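Asks: the following comprises the amino acid sequence and a computationally predicted model.
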Amino acid sequence: MDHQPATPKPTRVYYFGTCLVDLFFPDAGMAGIELLQAQGLTVVFPQGQSCCGQPAYNSGYRAEALKVARAQLDLFPGDDPIVVPSGSCAGMMKKHWPDLFHGEPDEAKAVQVASRVWELTQFLVQALEVRLTDKGEPVRVTWHASCHAQREMGVVDEPKALLRQLANVELVELAREKECCGFGGTFAVRHPEISAAMVGDKVADIAGTGAARVVSGDCGCLLNITGALEAGRQPVQGQHIAQFLKERTHG
Amino acid sequence: MADGTVDFAAASRAALQDPQLRGNFRRAMDGLMGKRAAQFPDAAEWRGVRELAAAVRLRALAKLPELLERLEENCSRNGITVHWAATTAEANAIALDILRKVDAKLVVKGKSMVTEEMHLNAVLEDHGIEVLESDLGEYIVQLDGTMPSHIIMPAIHLNTKQIAHLFKRKIKDAESREDAAYLTDLARRVLRAKFLAADVGMSGVNAAVAETGTLCLIENEGNGRMCTTVPPVHIAFMGLEKVVEKLEDVPPVISLLPRSATGQPITTYVNMISGPRKSGEKDGPREVHLVILDNGRSSIYADPELRDTLRCIRCGACMNHCPVYTKVGGHAYEAPYPGPIGKILVPQIEGLETRGALPHACTMCNACVEICPVKIPIVEIMGRLRVEAVRPGGAVKDGGAKASRAEAMVWSGWAAMNASPTAYRIATLAMSRLGNAAPSSLPLLKDWTRVDNEAVRSKPRFATRTLHDLARAKGIPDA
Ligand code: SF4
C-alpha cells in the first residue's frame, strides 16, 4: 500500500468501531482499542460515531449514504490516524468517501479524513511495527481474508504476519483464501441461495485446514461464516483477529 | 417471465441444485484461474502490460467517433463493405440482405458474441438458411440447442462424458467414446465438409484497426480462418467499441486476451483480414462485409463513467474469477454475456426494467476488477447501475425501473437513525435489548437462516452492550 511507516510513531489515534462491531462484536472492538493502548497509544473513541454509510452506498442510495458519512466527518479533527477494525468499512471511508463527497462543499474535509484511515492490522504492522509475545496454548488457526481488506485496502500479508508472530499459533492458510465468503451485505438476503452456496464452499475449505479457529478482520464475513459453521454444526469457532490477538498477548 | 423480466434468482436456484453443473464449473474455473496466474508470475510485468492495454482501449474510446469514420474509410478502400446497424434487428436485416443477394443456403460461423446478441442463428433458420457454428464449443451448444455459458468457452458447462452422449445422439455413426481427441476429430470431420460447401462464412472481430482497415481475429482451432477464407462471401460482425487506432495497438490486446482467458501466451491462429481476394491471389473470399453494431453502445458511450464498460476485450477472465459465476454457471444469466461484464453490460443494453436485478447479483468482492486486463472498474459501474435502477430518469435505459417507495423509506429511516447520535443510541439500545427476540421467520432473517428449508446460517446474535457502552464504561476518551 501507499502508507509509509509513520516516523515518529503516532501517539494518539481515533478509533472508528463500525456499526456491525457495535451491535454484534463489541468485545472485538474493545480488544482492538486495548491492542492499541498496549502499544502506548491514546485511543479516542468519538461517541457520536455510527456507520460509514456503506450499506446505502452499495444499495444505490447515495444521498442517504452521504448523509450518514457526513455525520461522521467532524468527529475526527486534526491529523491523527483513524483506525478501523474492518477492512470493508475502512475501504468505504478511504476509497469511496472521496467519490461520495465529490462536488460537495465538504469534499476537501472528506478527502482529508479518508486519507487518514487505516485498517487495524495494517496499522499495527505498518505504522506501529508491533512485536507480539504469545502467552497462549498451542492452537491451529486459519485466516479468512475479507475481499475489501484485500482489494480495497491492499491488506493481504499484515494479518497473517501478526498471526505468525505468535509462537504457539500454527497458521494453516485456506486453499481459496482470496475467494469471497458470500456475505456481500444485502447480497446475502437478496440471493440467499447463492450466498449459502458460497459460504458452504468457504466452510468446507475452513474445515479442510483442521483449524480450531477461523480468524478474520471483518465482521460481515464473520457473521456469515460463524453462522454457517454453527448451522452446519462444525466445531470450528470464528473470531475477530483483534480479539484473538488480545487473548493471546494479554495472557 | 411474462413481462419480459429475466429472473436471475430463479435461474440460479435451478443451477445450484445441479451438482454436476456445479462440479463442472468449479473444476473448470479453478483450472483457468491457475493457468492465468501462471501467465503472470511477475507482478511488475503484469502491471506494465495491463497499463498498456488499458491505455490502448482508453485512447480508442476517447477518439471513438473519429476512429470509426477512419475505419470505414480504410475498410472501404480495402474493398470491405461497411454496414452500420443501430439495432440488432437492423443488423439481422443487413445480414439477411447480403445472404439473399448471393442466394445463400448454408452459412458457417466462427465465434461471434455480437451475433449471439443478435440471435442471428434463430433469424437465419427462420428464413430457411442452414447455419453451422464451427468453433467446437459453439458447435456443441448448437447441437445441444442451448446457449453458450461462457464467452470464450461456450460449452464449459459440459464435461467430456456429456459431450460424448450428445454426439452419439446427434451425429450419424458416432461411437460412444468419452475421449476428447476422438470427439474433436468427429466434429472436425462434420465441419470440414460444411466449410467447403458453405456459401457464406461469418465471424466476429477482436479488434478493427482504424488506420489500416484491418480486421483482427484470434482463435485456436483454425475454424475462424476457414470461415473467413474458404466461402466466397465473408461477413464480419463487431460492436462499435471494438475499434483500435493503429496496428501497433493490436499486440497488447491479442496478447493479454488469451493470457487472461485461457492462460495461453497467444492463440494458435491470429488472422489479419484486410479485404477480399485480389486478382492473382489464390484464396480468400470474393466479398467481405463488416457489420458494425451499436445496440445501445452509443448511449453507454455518452456517459463518462459508464463508458468504461466499452473498454472490454471479451477475455472472459472476470467470469473465471467471479465467485457467483463459478457457482451458478453462465446459463443462469440468460444473456449472451454472463458474469461480471454481463452484469454491467446487459442491463445497459437491454434496460433496467428487465435486467435491473443483474447489478445486484454481486457481492462486490472485486475479484473481477483485480484481474480485468483493461482495468474496467466493474464494481464501480455495478454500484452506479444500482443507483440508476432506483433513480428515475438518468443515463441508463429504464432508469428508476426498480424504484420502490417502501425500499426508499427504509433507507431514509436508516439514514435518519445513523446520522443522529441520539437516534443511533436509542436504536442500538433497542436492538441490543430486543434484537435477539426477533423470530427467524421475519422476512430478512428467514433468508439469512434458511434455504430450501435447510438451516444454512444461525441468527446473528446482538451483544447486550454496544462498543459505545463498553468504551464509555472503560473511560475511553470521546474526543
Ligand atoms: S470486463 Fe475485463 S475481464 Fe471481463 S471480459 Fe471484459 S476485458 Fe475481460
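Replies: Perfect, I can see it now.

Asks: residue A:167: how many residues sit nearby?
Replies: Residue A:167: 12 surrounding residues under other Cβ atoms under 10 Å in any protein chain shown. Quick note: C-beta positions are derived from backbone N, CA and C, even for glycine.

Asks: what's the weakest-modelled helix or strand in chain A?
Replies: One helix or strand of chain A scores below all others by mean pLDDT, DSSP states H and E: helix A:187-190, with a mean of 92.

Asks: keeping just the C-alphas, turn that helix into PDB.
Replies: The C-alpha trace of helix A:187-190 is given here as PDB (Å, rounded to 0.1, in the frame of the first residue of the first chain):
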ATOM      1  CA  PHE A 187     -26.500  -9.800  -1.300                       C
ATOM      2  CA  ALA A 188     -26.800 -12.400   1.400                       C
ATOM      3  CA  VAL A 189     -30.500 -11.900   1.700                       C
ATOM      4  CA  ARG A 190     -31.200 -10.800  -1.900                       C
END
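
Asks: list the buried ones in the next helix or strand after that helix?
Replies: Using DSSP states H and E, the next helix or strand after helix A:187-190 towards the C-terminus is helix A:192-208. For helix A:192-208, burial by neighbour count (16 or more other Cβ atoms under 10 Å in any protein chain shown) applies to A:192-203, A:205-207.

Asks: near chain B, which of those show up?
Replies: With Cβ under 8 Å from any Cβ of the partner chain as the criterion, the buried residues of helix A:192-208 include A:192, A:193, A:194, A:195, A:196, A:197, A:198, A:199, A:200, A:201 near chain B.

Asks: farthest-separated two in those?
Replies: Farthest pair in these (Cβ to Cβ) is A:192 and A:201. Separation: 15.1 Å.

Asks: and the chain, what are its domains?
Replies: Here I'm looking at chain A. Domain assignment for chain A by automatic domain parsing gives A:12-127, A:139-249.

Asks: actually, chain B is the one I wanted.
Replies: The record assigns chain B these domain ranges, following automatic domain parsing: B:40-295, B:420-473.

Asks: now the least confident helix or strand of chain A, how far from the chain's geometric center?
Replies: Relative to the centre of its chain, helix A:187-190 is centred 21 Å away, using Cα atoms, centre = their mean, to the nearest Å.

Asks: and it with chain B, contact?
Replies: Yes - part of helix A:187-190 sits near chain B under the criterion Cβ under 8 Å from any Cβ, namely A:187, A:188, A:189, A:190.

Asks: can I get the residues you listed in a markdown table including distance to residue A:9 and neighbour count?
Replies: Below are the residues of helix A:187-190 next to chain B laid out as a markdown table (distance: Cβ to Cβ, whole Å; neighbours: other Cβ atoms under 10 Å in any protein chain shown):
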| residue | distance to residue A:9 | neighbour count |
| --- | --- | --- |
| A:187 | 39 | 22 |
| A:188 | 39 | 26 |
| A:189 | 42 | 15 |
| A:190 | 43 | 18 |
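
Asks: of those, closest to the ligand?
Replies: residue A:187 (19.6 Å; Cβ to the nearest ligand atom).

Asks: gap between the closest one and residue B:365?
Replies: Distance of residue A:187 to residue B:365, given as Cβ to Cβ, to the nearest Å: 10 Å.

Asks: give the contact list for whichever residue of chain A sits closest to the ligand.
Replies: Residue of chain A nearest the ligand, by Cβ to the nearest ligand atom: residue A:151 (14.5 Å). Residue A:151 makes contact with B:365, B:366, B:367, B:369, B:370 under the criterion Cβ atoms under 8 Å, 6 or more residues apart in numbering or on different chains.
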